[in-house]
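Q: sequence first, then the predicted structure:
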Amino acid sequence: MSTDRELVAEVLRGEPGAFERLVDAHHALCWHLLLRLSRNPEDARDLCQETFLRVHQRLPEFRFESSLKTWIGHIAYTIGLRHVQRSANHPEASGGGIVEEFVESVVSNDDVEDNAERAGLRALLNAGMRTLTPVQRALVTLYHLDEMSIAEIMQVTGLPSGTIKVYLARARLRLREVVNRNLESEHAG
Amino acid sequence: MQDDETLGQNPALAEEWRKQEAARMSRLPEALAADRVLLMEDGYIRLIDLMADARGLHPPVGLSAEITNAVQRRVEATRQVEVFRRAIRRVAIVPIAGVVLAGMASVSLSEWSDAFSSMGGLLLPLLALLLGALPLRPNESNGETG
């Protein structure tokens, strides 16, 4: 597996398949982040393309001051956040809010064979995610799904480490509250 | 997608899935220490397990190729627009610069001596033609996405 430097050099030299490998290595992170921020799979697809177009344009300026992963993550985060702000100003232009239904519909295909309790928890988790702010959703995704360190998340988001920790703690507290409340109501019912 | 049916039909995939599960479980203490779990009253939920299980969060199949193709198309379109724009500028600058500089030269004719002005009147449009024919900028890399 080539290192960041080798991969970037190959892309800049225009070697066949190099850019494809770069996209392949980093598109999952962008998808997680942009889907959680935009909450719309179609928007996330477009934003992923926009992200990698920007990556392609700016790659000659990449100075390896961070890892390629966090640099691309930062571009995706910036594009995603701008999309959230635009959508907040023009809510009619966005089909926001359908990601949870999308996720749950995909999950439901396997629910028959799946552990019912686990499926229930997933639904509760998604319900909890709905209550978080876009930045909190992004942080939870980066930390808990992509397993990035706080230092890496700082590079992606540009937020100070203290702010990230506080946002994450609040997000977990919120998720715990939502999950617990729903579990209690299920038990009571 | 590692559903039971797929795993049952594919021992290699099943083995790989078991290895992944074992690796994930081995990281549990570390995850616990790093607050990567959602602590509940009666235990904990590993957020990564739940989130990763939500398969809608996995990139759609073919997304990587779709992105690569879209970027390559847009880069190529941008390159063609740039080539066209430079060609237009190069073609347009010759008559425009020629007219402007010839006009300037003819105005100054009245002030220059006859010999000098007639020379200048010829030289300046010629200079404009030469400048217009030169590339406006050094050749730029077209940025292959390869």
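A: Ah, there it is. Bear in mind the structure is a predicted one, so any value in this text is a computation, not a measurement.
Q: summarise which helices and strands the longest helix seen in chain B is packed against.
A: Criterion DSSP state H: the longest helix present in chain B is helix B:63-109. Applying 3 or more Cβ pairs under 8 Å, 6 or more residues apart in numbering or on different chains; DSSP states H and E, one finds that helix B:63-109 contacts helix A:18-38, helix A:41-58, helix B:114-133. C-beta here means a position set from N, CA and C on the backbone, and glycine is covered the same way.
Q: and that helix, what's its mean pLDDT?
A: Over the span of helix B:63-109, the pLDDT mean works out to 83.
Q: of all of chain A, which residue lies closest to chain B?
A: Distances between chain A and chain B by Cβ to the nearest Cβ are smallest at residue A:14, namely 2.8 Å.
Q: for that residue, give me the pLDDT.
A: So residue A:14 comes in at 90 (pLDDT).
Q: what secondary structure does it sit in?
A: coil (DSSP: H, G, I helix; E, B strand; the rest coil).
Q: count of neighbours near the closest residue to residue A:30 other than its chain neighbours?
A: Of all residues not flanking residue A:30 in the chain, residue A:76 sits nearest, at 4.3 Å (Cβ to Cβ, 6 or more residues apart in numbering or on different chains). Using other Cβ atoms under 10 Å in any protein chain shown, residue A:76 is surrounded by 29 other residues.
Q: might one say that residue A:49 is in contact with residue B:67?
A: Yes: here residue A:49 lies in contact with residue B:67, judged by Cβ atoms under 8 Å, at a distance of 5.4 Å.
Q: so for the two, which residue has more residues nearby?
A: residue B:67 (27 against 21).
Q: which residues touch the more buried one?
A: A:23, A:27, A:48, A:49, A:52 (Cβ atoms under 8 Å, 6 or more residues apart in numbering or on different chains).
Q: that one and residue A:30: what is the separation?
A: 8 Å (Cβ to Cβ, to the nearest Å).
Q: okay, and the common contacts of these two?
A: A:48, A:52.
Q: tally of neighbours for the closest residue to residue A:47 other than its chain neighbours?
A: Leaving aside its sequence neighbours, residue A:47 sits nearest to residue A:34 (Cβ to Cβ, 6+ apart; 4.4 Å). Neighbour count for residue A:34, taken as other Cβ under 10 Å: 28.
Q: so who does residue A:34 touch?
A: A:43, A:44, A:47, A:48, A:51, A:76, A:79, A:80, A:83.
Q: the same query, at a cut-off of 6 Å, please.
A: A:44, A:47, A:48, A:76, A:80 (Cβ atoms under 6 Å, 6 or more residues apart in numbering or on different chains).
Q: which strands and helices sit next to the longest helix anywhere in chain A?
A: What stands out as the longest helix in chain A, according to DSSP H, is helix A:161-188. Packed against helix A:161-188 by the contact rule (3 or more Cβ pairs under 6 Å, 6 or more residues apart in numbering or on different chains; DSSP states H and E) you find helix A:116-130, helix A:134-140, helix A:150-157, strand B:37-40.
Q: which one of those lies nearest to residue A:63?
A: Nearest of the helices and strands packed on helix A:161-188 to residue A:63, taken as Cβ to Cβ: helix A:150-157 at 13.1 Å.
Q: what helices or strands is the closest one leaning on?
A: helix A:68-89, helix A:161-188.
Q: what do you get if the cut-off is 8 Å, keeping everything else the same?
A: Checking 3+ Cβ pairs under 8 Å, 6+ apart, helix A:150-157 ends up next to helix A:68-89, helix A:134-140, helix A:161-188.
Q: ranking those helices by burial, who's on top?
A: Neighbour counts (mean count of other Cβ atoms under 10 Å in any protein chain shown) averaged over each of the helices and strands packed on helix A:150-157 peak at helix A:134-140, with a mean of 22.
Q: helix or strand with the lowest mean pLDDT in chain A?
A: helix A:99-108 (a mean of 46; mean pLDDT, DSSP states H and E).
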